[in-house]
Structure formats: C-alpha cells, structure tokens
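In: Here is my input; please provide its structure:
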Amino acid sequence: MSQSQHISRRVFLQTTGAIAVGATFAARSYAKVVGANDRIRIGFIGAGGMASGHMQAIRDLREKNNLEPVIVADCWKTRAEQGAKILGISNAVADYHQVLDNKDVDYVTIATPEHRHAQMTLDAMGAGKAIYCEKPMTHTLPEAVAVMKKQKETKLPLQIGVQAMSDDSYASAGKAIREGVIGQVVQAQIEYVRRYDKEGPWRVPDLKEDTPKPDDLDWDNWLGSAPKVAWNPHHYFEWRNYAAYSGGICTDLFIHRITRIMKACDLLYPRRVVGMGGIWQWNDGRDLPDNFEMICEYPRGMTVYVLGTMSNRVGIDHLIRGYRGTLYFTPGGWVAKDKDDKVLAEHKKTGGEDILLHHTNLQNHLRKGEPLNCPVELGMAGVAAVCMANESWRTGQMMAWDAKNETMVPANTLDLSHLPEKDA
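Out: A predicted model of the protein is given here:
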C-alpha cells in the first residue's frame, strides 16, 4: 500500500489537530537537540522579496523568542549581503549548501522560486535540519511525493508557509462541521482576485530585455534542474509567469485559499479536478494563465470552487455550504447561519495570516512539541490540488488522483465512484 493511502482523513485530523501524538513525539525528540530553553539558530536560503519578509520577522522575534540568525544564502551574492544586513549579521554566501553544512543552524527558511523548493528541502532534511519552506511545498507533484516520503523517514519538522494556517478560524470551523453545525457539507467557494495595471500579473515595470545579469549572480545555480537557458531578466525577475519555475495563479495564490478549505473540511486529495482560464489579457510572452479558476471534487462528497481573476478585484464570499446551514468566513472569524439567516454558531478568531505567528508555531514545535499548523500532509494535499488544476488547463482534460500510484491521471482512466467514500 502506498504512503498516501495510509494517510486517511482520520489520521490527517490527528496529525494536524490537538491530539497529534506522532507529531508531538517527533517534535520532542528533536527538542532534545534544541533544548527547551536554548536559543534557536536559523539559516536563510533565499534573500529576495518574500525572503526579506522572513528575515524581518525573525529580526522582530529575536529577543522575545530567543532566536539567533546565523547565515544567509542567495545565488545573487549582493542579495545575500542585503539580507544579512537586515538581520545584523555578516555571514552571507552564494551557495545554499553552506547553510546546510553550518552546524550551528537548527532550522532553515527556504524562500526561493518554487522550482527550487524540493531539492533544497530534501538537502536540508539530509543535513538534519528542521525546515520552514515557503508555499507551495514543491513545484511538481512527484517532488511533493518525494519530500513527504523523506520527511516520514527523517521525522524532521517541516512547516509549509501557508501562513493563514496560524489563524484558528479554519481548525475551529472544522470542529464545528464535524459536530454537525451546518449538516452534511456539499460545497465550498473561495477566491483570490486582483486587478493588475497595464503590465499584467507579476511583471516588473520598465524591465528591459537587455538588462544585464549581475556579475555576482550564479545563473546556473538559480536554474537548478530547470531547462538550461541563457540569462533572461524576465525569467529571473518575473519567474511566476513561466511554467519552468512556477504554477502561476494556482501555486502562488490558490494554494493559500484551497488549504483553508482543506483544513476546515478535513480534506486531503481531490478525486477529480478541472482547471479553466487562459492568457486572456496580457499575451506578453508568459506561458501561464492571467485569469484562472478551478473546481475540485473530494471523495467525502463535496466540491470546492476557487476563482482567480487578475483583471478584476471584485470577489465572492468565502463560505462552506451544508444541508443545514452555511458557514461564512469573515474578517473576524466565521459565522454559521441556517436558511432563514438564523445564527447557528460563530467564532471570533485568534491569530491570523501572520508570518510571525507561523514561525513562532514552528519554534514552539521544536521546543514544546506544539503541533505544526501546516505540516507536510497539508502541504502535499495542497500541491496535489493545484498541480492537477494546472495540468487540466494545459491538457484540456479533467484530472484525477490515482492513490495507488500516488500521481495524477486523466479522470476517464479511473473507475471513480459518484458516491461519498466512507473514510473520506
């Protein structure tokens, strides 16, 4: 039986919820290395836009959480040096392996383009490091399978950077749904909409074709296992527009939204997924859609719709529909109402979509065995959904999850039930 088949929805609840026996045991084992009151030392892989946010977060938490930034790596050495300056340290390098070889580092933050996440995470686990990896966990589905397998072997903590999981609204909603507050769940909807100006999504204004490569940027290092191409400033500075490095709207934005619904509805792998959209407004050389939407069908007997236009910022309600009522997510938490608008239950959230809280959760996991808010199982399930949606868009086929082989396949190649599955 495959690894993913062993991880039923029930086991997933135990892994991510308050029980979390196995996760707690692994964390306490690792805590013997860190020590309950010892300083946690952190290395940084990547020093670009999102990475600078991580460095600022660690700087802000340094005294309160007893942290010590140790080393920063970026294939563009100047960026590494800028990151080190944020942290008030001098150890800046171009090769991320130097971070992993540093014996003082307890955990590493990986904040690089998506196509580098998997190898860096595997290397970090090979070096015995705990990890905070930005979303998505990996660029491709086979990479996600490999990372989850390695994490199960090493038992090393791996926090995926879906920061909204440090908002307790979704775990609280999950508890209410399990208790039957809104009855049998049949559908959920959510969105991530924006309105870009004339440059389009993720373009850098006035970036020139002939922008030279910085002398201290290791282009081959940045490419990693991606196709070897000559220096291209658009690929480097605007990588989210190209499938060799990113999944675009799905992996950069939808991963934030679908993971919320997964947590609230206790979902793992979708049964079937369709992705639709296109390069409708900015046909500027990108090979990923600028407007996109997806529908996921889950074996528990429900669908999830995600809207992602980049041309209009008018959104839709974030909600979960049940037979007895509807649960609406609000800026302050959630409220569940019946068909007559009577309030069935409500929740005032603690926490939020906060990078400081998400790092603190990992640090508490290392010190005290606190369950991770976004562990590898949730990271893997999110990658499955968004990669299946992108593959559906690319191929024009509905995709399905083949649990036996831990992969996605055209849906018409599997004998899929139209009934809810008992253990889903």
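
In: how about the residue nearest to the spatial centre of the chain, phi and psi?
Out: In the chain, the centroid-proximal residue (Cα atoms, centre = their mean) is K135; its distance is 3.0 Å. Torsion angles at K135 (phi, psi; degrees, to the nearest 10) stand at phi -70, psi 160.

In: and what of A173?
Out: Torsion angles, degrees, to the nearest 10, at A173: phi -60, psi -40.

In: what does R321 give?
Out: Main-chain dihedrals, R321, degrees, to the nearest 10: phi -100, psi 130.

In: how close does it get to R272?
Out: Distance, R321 to R272, by Cβ to Cβ, to the nearest Å: 19 Å. Where you see a C-beta, it was placed from the backbone N, CA and C, and this is true even at glycine.

In: The stretch 51-200 of the chain: helices as residue ranges?
Out: Ranges of helices in the stretch 51-200 of the chain, per DSSP state H, counting those that start in this stretch, are 77-87, 97-100, 117-126, 141-154, 169-178.

In: helices or strands next to the second one in the packing?
Out: Where contact means 3 or more Cβ pairs under 8 Å, 6 or more residues apart in numbering; DSSP states H and E, helix 97-100 is packed against strand 40-45, strand 67-73, helix 117-126.

In: pLDDT score assigned to A20?
Out: pLDDT, A20: 39.

In: returning to what we had before: packed most tightly, which of the helices of the stretch 51-200 of the chain would that be?
Out: helix 117-126 (a mean of 22; mean count of other Cβ atoms under 10 Å).

In: ok and the longest helix seen in the chain relative to helix 141-154, angle-wise?
Out: As assigned by DSSP state H, the longest helix anywhere in the chain is helix 376-395. Angle, helix 376-395 to helix 141-154, by axes from the mean of the first three to the mean of the last three Cα atoms, to 10 degrees: 170 degrees.

In: just the CA coordinates of the helix or strand just after helix 376-395, formatted as PDB?
Out: Per DSSP states H and E, helix 376-395 leads on to strand 399-402 as the next helix or strand towards the C-terminus. Only the C-alpha atoms of strand 399-402 are listed here, as PDB (Å, rounded to 0.1, in the frame of the first residue of the first chain):
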ATOM      1  CA  MET A 399      -7.600  15.100 -13.900                       C
ATOM      2  CA  ALA A 400      -8.000  12.500 -11.100                       C
ATOM      3  CA  TRP A 401      -5.900  11.400  -8.200                       C
ATOM      4  CA  ASP A 402      -4.600   7.800  -8.600                       C
END
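
In: I'd like to know which elements strand 399-402 is packed against.
Out: Taking 3+ Cβ pairs under 8 Å, 6+ apart as contact, the helices and strands that strand 399-402 lies on are strand 272-278, helix 376-395, strand 407-410.

In: Let's have those in a markdown table, adding mean neighbour count and mean pLDDT.
Out: Formatted as a markdown table, the helices and strands packed on strand 399-402 follow (neighbours: other Cβ atoms under 10 Å; pLDDT from 0 to 100):
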| stretch | mean neighbour count | mean pLDDT |
| --- | --- | --- |
| strand 272-278 | 20 | 98 |
| helix 376-395 | 25 | 98 |
| strand 407-410 | 17 | 98 |
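
In: closest one to S52 among those?
Out: Closest approach to S52 among the helices and strands packed on strand 399-402 (Cβ to Cβ): helix 376-395, 22.5 Å.

In: if we can go back for a sec, let's have the helices and strands packed on helix 97-100 in a markdown table, adding mean pLDDT and distance to I58.
Out: A markdown table is the format used below for the helices and strands packed on helix 97-100 (pLDDT from 0 to 100; distance: least, Cβ to Cβ, whole Å):
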| stretch | mean pLDDT | distance to I58 |
| --- | --- | --- |
| strand 40-45 | 98 | 6 |
| strand 67-73 | 98 | 6 |
| helix 117-126 | 98 | 17 |
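
In: Nearest to Y107, out of those?
Out: strand 40-45 (5.9 Å).

In: okay but the residue nearest to the centre of the chain is in contact with I160, surely?
Out: Yes - counting by Cβ atoms under 8 Å, K135 does reach I160; the two are 5.9 Å apart.

In: what's the distance between the residue lying farthest from the centre of the chain and S169?
Out: Most distant residue from the mean C-alpha position of the chain: D340, 36.6 Å away (Cα atoms, centre = their mean). According to Cβ to Cβ, D340 stands 24 Å off from S169.

In: now do M380
Out: Counting by Cβ to Cβ - M380 and S169 are separated by 22 Å.

In: which residues touch A188?
Out: A188 is in contact with 261, 264-265, 302-305, 319-321, counting by Cβ atoms under 8 Å, 6 or more residues apart in numbering.

In: Selecting buried members of the residues you listed in PyMOL, what would you type?
Out: The PyMOL selection below is limited to those of those classed as buried (16 or more other Cβ atoms under 10 Å):
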select buried, resi 261+264+265+302+303+304+319+320+321
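
In: Export the contacts of A188 to TSV and append columns for secondary structure.
Out: Supplementary listing: the contacts of A188 in TSV, determined by DSSP: H, G, I helix; E, B strand; the rest coil:
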residue	secondary structure
I261	helix
A264	helix
C265	helix
M302	strand
T303	strand
V304	strand
Y305	strand
L319	strand
I320	strand
R321	strand
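
In: and which of the contacts of A188 is nearest to G278?
Out: Y305 (17.7 Å).

In: Which one, of the helices and strands packed on strand 399-402, ends up nearest to K213?
Out: Among the helices and strands packed on strand 399-402, helix 376-395 comes nearest to K213, with 28.9 Å by Cβ to Cβ.
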